[in-house]
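Novice: model this:
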Amino acid sequence: MLVVSASIEVYPIRDTILPPFTSKVTRTAFASLWGEEPLLGRLGSFSVLYRDGKPLYKRLDTSELLVARAGERLEARVSFLTGESPPVPEDYSTFMFSGTEFNTRVTGIEVTTLENLRIDLPKKFSLKFLTPTLLPVPGRGELLKEKGVKRRYKLLPDLPLALRLLTYDLKLKKIDLIKATPFQIYKWAYRALAELDYHVKPETVLYTVRDGKPSTERGFTGFVLYELLDEASPLKQELEKLLAFALRFGIGKSRSIGFGQISLQPIRK
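Specialist: As a prediction, this is how the structure comes out:
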């Protein structure tokens, strides 16, 4: 199986109001460049748009609209899995979104096999949660259902839980990224990953409006500094594979539409 990650740029022809969660524009740009509807399901991930490295989405605590100026460069990323040779996109294309014309182009494509997907994880690293991360708590659903509550995600980072959920999801889809079980990853990561510092905050974001009613999600953004205490364990390689996947596809719920996007940097002190 191949892992494809494409970087794209989007340029509005005129000033325009963006949707509250801008991965919808990324998805449309993908369809325009690749010449087909992005029927990737949960095997793909469409990031939100970025302006100068800052993700664009509407927080519920602000009344400001998301506005893109004519000609400005907005960036995004699309990642997907395929069992065949990846389709070749157009270098440049034009598409319409909400009555506005956009130009878009591909700026880079990375293709690797699932077997070779891995990062070289440093002993100390910073993990940034760029877009709201939605981590469900296993077993909590029934309690919420009894109380008539839609959902309650964790509002604090829990990387061992995120890795457990990602491992479970991959095995459910029969994606053979790692051999360890979800519980093995969780148990080891809980012991081996030490938090050195953090700065996080909860955020409620507007995803869309349906029948005049806002559809929102509440997660967290920010960063956590980690130290890997057990570098000798064979599970370190499993962790490096999971993080390589997460850097392309995100973590937590709704990562296919741009939630749970992360970045990772070594700590050099």
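
Novice: what about the strands in this structure?
Specialist: With DSSP state E, the ranges of strands along the chain come out as 2-12, 16-17, 44-46, 50-51, 54-55, 67-68, 74-82, 92-97, 100-113, 124-133, 193-210, 213-228, 262-266.

Novice: okay, the ones you listed in JSON lines with mean pLDDT, distance to Ala31 and mean neighbour count next?
Specialist: Using the backbone N, CA and C atoms, a C-beta is placed for each residue, glycine as well. Shown next, in JSON lines, are the strands of the chain (pLDDT from 0 to 100; distance: least, CB to CB, whole Å; neighbours: other CB atoms under 10 Å):
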{"stretch": "strand 2-12", "mean pLDDT": "95", "distance to Ala31": "12", "mean neighbour count": "19"}
{"stretch": "strand 16-17", "mean pLDDT": "94", "distance to Ala31": "18", "mean neighbour count": "15"}
{"stretch": "strand 44-46", "mean pLDDT": "92", "distance to Ala31": "10", "mean neighbour count": "24"}
{"stretch": "strand 50-51", "mean pLDDT": "98", "distance to Ala31": "19", "mean neighbour count": "18"}
{"stretch": "strand 54-55", "mean pLDDT": "96", "distance to Ala31": "21", "mean neighbour count": "14"}
{"stretch": "strand 67-68", "mean pLDDT": "94", "distance to Ala31": "19", "mean neighbour count": "18"}
{"stretch": "strand 74-82", "mean pLDDT": "94", "distance to Ala31": "10", "mean neighbour count": "22"}
{"stretch": "strand 92-97", "mean pLDDT": "95", "distance to Ala31": "7", "mean neighbour count": "15"}
{"stretch": "strand 100-113", "mean pLDDT": "95", "distance to Ala31": "10", "mean neighbour count": "15"}
{"stretch": "strand 124-133", "mean pLDDT": "97", "distance to Ala31": "21", "mean neighbour count": "21"}
{"stretch": "strand 193-210", "mean pLDDT": "92", "distance to Ala31": "18", "mean neighbour count": "14"}
{"stretch": "strand 213-228", "mean pLDDT": "94", "distance to Ala31": "22", "mean neighbour count": "17"}
{"stretch": "strand 262-266", "mean pLDDT": "97", "distance to Ala31": "25", "mean neighbour count": "15"}
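
Novice: Mind listing residues that contact stretch 186-201?
Specialist: With contacts defined as CB atoms under 8 Å, 6 or more residues apart in numbering, stretch 186-201 is touched by 124, 129, 156-157, 159-161, 163-164, 180, 220-230, 233, 235, 239, 267.

Novice: same question, stretch 224-232
Specialist: If you take CB under 8 Å, 6+ apart as the criterion, stretch 224-232 is touched by 121-127, 129, 157, 159, 188, 191-198, 200, 236, 239, 267.

Novice: Go ahead and confirm Arg96 touches Thr104.
Specialist: Actually, residue 96 is Met rather than Arg. No: counting by CB atoms under 8 Å, Met96 stays clear of Thr104, with 11.4 Å between them.

Novice: Which residue is the nearest non-sequential neighbour of Val209?
Specialist: Once flanking residues are discounted, Val209 sits nearest to Ser215: 6.8 Å by CB to CB, 6 or more residues apart in numbering.

Novice: if I look at the one you found, how far off is Lys124?
Specialist: 39 Å (CB to CB, to the nearest Å).

Novice: wait, isn't Pro202 in contact with Leu155?
Specialist: Yes: contact criterion CB under 8 Å: Pro202 and Leu155 qualify, at 4.4 Å.

Novice: so what's in contact with these two at the same time?
Specialist: With CB under 8 Å, 6+ apart as the test, Pro202 and Leu155 both reach Arg218, Gly219, Phe220.

Novice: Would you tell me which one of those residues comes nearest to Ser256?
Specialist: Gly219 (14.9 Å; CB to CB).

Novice: Arg105 touches Thr94, doesn't it?
Specialist: No: with contacts counted by CB under 8 Å, Arg105 stays clear of Thr94, the gap being 10.1 Å.

Novice: mind exporting stretch 105-119 as CSV, just the C-alpha atoms?
Specialist: Included here for stretch 105-119 are C-alpha records, laid out as CSV according to Å, rounded to 0.1, in the frame of the first residue of the first chain:
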residue,chain,number,x,y,z
ARG,A,105,-1.5,24.2,-8.0
VAL,A,106,0.5,21.3,-6.7
THR,A,107,3.7,22.3,-5.0
GLY,A,108,5.0,18.9,-4.0
ILE,A,109,4.1,15.2,-3.8
GLU,A,110,5.7,12.6,-1.5
VAL,A,111,5.0,8.9,-2.1
THR,A,112,6.2,6.2,0.2
THR,A,113,5.2,2.6,1.0
LEU,A,114,3.3,1.9,4.2
GLU,A,115,6.2,-0.4,5.2
ASN,A,116,8.7,2.4,4.9
LEU,A,117,6.6,5.0,6.7
ARG,A,118,8.6,6.1,9.7
ILE,A,119,10.3,9.1,11.3
